[in-house]
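In: attaching a predicted model along with its sequence, questions to come.
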Amino acid sequence: MNDHEIRRRGSLLSTLFFEPLATVPRLRSEMETVHGIACSADLIRADLTWLQEMGLVRWNGEAAQITERGRDVVAGRAKFPGAV
């Protein structure tokens, strides 16, 4: 995993930390306006799938929600998978 992927996925997690339930359009808007990261909806879906595989989010193809483990990663209580 490269630095861009880590930053983008971390930014998605951070956004979900403050959003109880977020859709792809909402996440894409937040990524651009808050984090300054432009990315496609398909890339966000792929990242959400990866984050789900890591146990950091729940993702049903429509909306995403952060898990307790995801909250621990954002709060610095657990390591982000793939980050050194």
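Out: Looks like it came in fine.
In: ok, and the closest non-adjacent residue to the most centrally placed residue in the chain?
Out: Nearest to the geometric centre of the chain sits Leu12, at 2.7 Å (CA atoms, centre = their mean). Spatial nearest neighbour of Leu12, chain neighbours left out: Asp47 (5.7 Å); criterion: CB to CB, 6 or more residues apart in numbering. In short, each C-beta sits where N, CA and C put it, glycine included.
In: so who does the one you found touch?
Out: Neighbour list for Asp47: 5, 8-9, 12 [criterion: CB atoms under 8 Å, 6 or more residues apart in numbering].
In: among these, which one has the most neighbours?
Out: In terms of neighbours by other CB atoms under 10 Å, these top out with Leu12 at 28 neighbours.
In: can you pull the contacts of the closest residue in space to Glu62 that isn't next to it in sequence?
Out: Among residues not flanking Glu62 along the chain, Thr23 sits closest, at 6.5 Å (CB to CB, 6+ apart). Listed by CB under 8 Å, 6+ apart, the contact partners of Thr23 are 62-64.
In: what are the phi and psi values at Thr23?
Out: Main-chain dihedrals, Thr23, degrees, to the nearest 10: phi -90, psi 170.
In: that one and Ala64: what is the separation?
Out: 8 Å (CB to CB, to the nearest Å).
In: how far away from the center of its chain is the helix or strand of the chain with the lowest mean pLDDT?
Out: The helix or strand of the chain with the poorest confidence is helix 3-18; it has a mean of 93 (mean pLDDT, DSSP states H and E). Mean-position distance between helix 3-18 and its chain equals 4 Å (CA atoms, centre = their mean, to the nearest Å).
In: which strands or helices does it pack on?
Out: Packing partners of helix 3-18 (3 or more CB pairs under 8 Å, 6 or more residues apart in numbering; DSSP states H and E): helix 24-33, helix 41-53, strand 57-59, strand 63-66, helix 68-74.
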